[in-house]
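Colleague: the following comprises the amino acid sequence and a computationally predicted model.
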Amino acid sequence: MERKRLKDLTIKHNFMFGAVMCDENNCKGLLEMILQIPIARIEISKEKSVLYHPFYKGVRLDVYAKDEKNTHYDIEMQALKKTAMEKRCRYYHSQMDMELLRSGEEYDLLPNSYVIFICDFDPFGEKKYCYTFENRCCENQNLLLNDGQKSIFLSTKGENDDEVSKSLINFLHFVSADIGECEKDFQDEFVENLQKSVKHIKESREMEERFMLFQEVLKEERAEGRAEGRAEGRAEGRAEGRAEGRAEGRAEGLVDALLILLSAKGVVPEECKEKIQNEKDIEVLNCWINLAAQAETVEMFLKKI
């Protein structure tokens, strides 16, 4: 599969979307536009972002944030339609609740939460730009459960222009734009700010390095998933060998990713390459990758290991 280039991405690519929304002003503007409410302050949980922990196993490509009222938001870009999106939404809410409520605490301490999917397709076929869901009584639609959870699905394929804000429509048209259209004037200040952020990210050497790592991880996890699929159904006695093989393959992927990252920062000495290639401990390799991401040069990396 051909590698993508950072300069060819639009905001609908989950890496670019995550990078743009790590800017708290962008995320705040997005939420205010979607919810049509003022928000004083937004705090991004960067430790949950794929941009900051690219090797966390099973990482979700989303943006996690909270506002000054402790309302929590999980936002995800969906360029392609996937199965069971409604169940994924339910799972995301449950994961947020598990993280937010410590053992022994009262349930009324659970903050309100939103799961928001931005879809470059119509998830429900009703030609709406926005679908909002909350729990109501089936026997009396005016009776809300008031559990504090809301789920929102935005669609770039909506046609109900008179029911949503012009700003939301402009944003969704920007999301659906291809690389040749995404830089045009959408006559919208918020979209213009997003365009400036995208341009800045594409000009950043650090983000270029992060994107190379991002692609390396996806390649590794796809290969691991295919290997696991082929191995599935084999005799139980070979389980240990499969586990060892997966660990070895994962270590090799981390080694490749680390060398790619270091090569972008300068010439990697042969003795350094040999040391990295001989390392099999995944935790050590992950630690080195974090050090390499923080180092400005290969020499600075070598001083830290």
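Modeller: Good, I have the coordinates.
Colleague: so T132 makes contact with S151?
Modeller: Yes: if you go by C-beta atoms under 8 Å, T132 and S151 touch, sitting 7.5 Å apart. C-beta coordinates here come from the backbone N, C-alpha and C atoms, glycine included.
Colleague: of those two, who's got more company?
Modeller: Legend: neighbour count by other C-beta atoms under 10 Å for T132 and S151, higher for S151 (21 against 14).
Colleague: list the contacts of that one.
Modeller: Residues near S151 by C-beta atoms under 8 Å, 6 or more residues apart in numbering: C89, H93, Y114, V115, I116, T132, F133, E134.
Colleague: give me the element the second one is part of.
Modeller: Taking DSSP states H and E as the definition, one finds H93 inside helix 85-100.
Colleague: give me the mean pLDDT for that helix.
Modeller: Across helix 85-100, the average pLDDT comes to 88.
Colleague: residues making contact with that helix?
Modeller: 60, 62, 72, 74, 76, 78, 82, 110-111, 113, 115, 117, 123, 149, 151, 153.
Colleague: show me where the stretch 1-150 of the chain has its helices.
Modeller: Using DSSP state H, counting those that start in this stretch, the helices of the stretch 1-150 of the chain run over residues 14-21, 24-35, 85-100.
Colleague: in the last one, which residues are buried?
Modeller: If you call a residue buried by 16 or more other C-beta atoms under 10 Å, then helix 85-100 has these buried ones: M85, R88, C89, Y92, H93, M96, D97.
Colleague: repeat for the second one
Modeller: Going by neighbour count (16+ other C-beta under 10 Å), the buried part of helix 24-35 is N26, C27, K28, G29, L30, L31, E32, M33, I34, L35.
Colleague: now the residues you listed in JSON lines, with distance to R205 and pLDDT?
Modeller: Converted to JSON lines, those look like this (distance: C-beta to C-beta, whole Å; pLDDT from 0 to 100):
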{"residue": "N26", "distance to R205": "21", "pLDDT": "97"}
{"residue": "C27", "distance to R205": "24", "pLDDT": "97"}
{"residue": "K28", "distance to R205": "27", "pLDDT": "98"}
{"residue": "G29", "distance to R205": "26", "pLDDT": "97"}
{"residue": "L30", "distance to R205": "26", "pLDDT": "98"}
{"residue": "L31", "distance to R205": "30", "pLDDT": "98"}
{"residue": "E32", "distance to R205": "32", "pLDDT": "98"}
{"residue": "M33", "distance to R205": "31", "pLDDT": "97"}
{"residue": "I34", "distance to R205": "32", "pLDDT": "98"}
{"residue": "L35", "distance to R205": "35", "pLDDT": "97"}
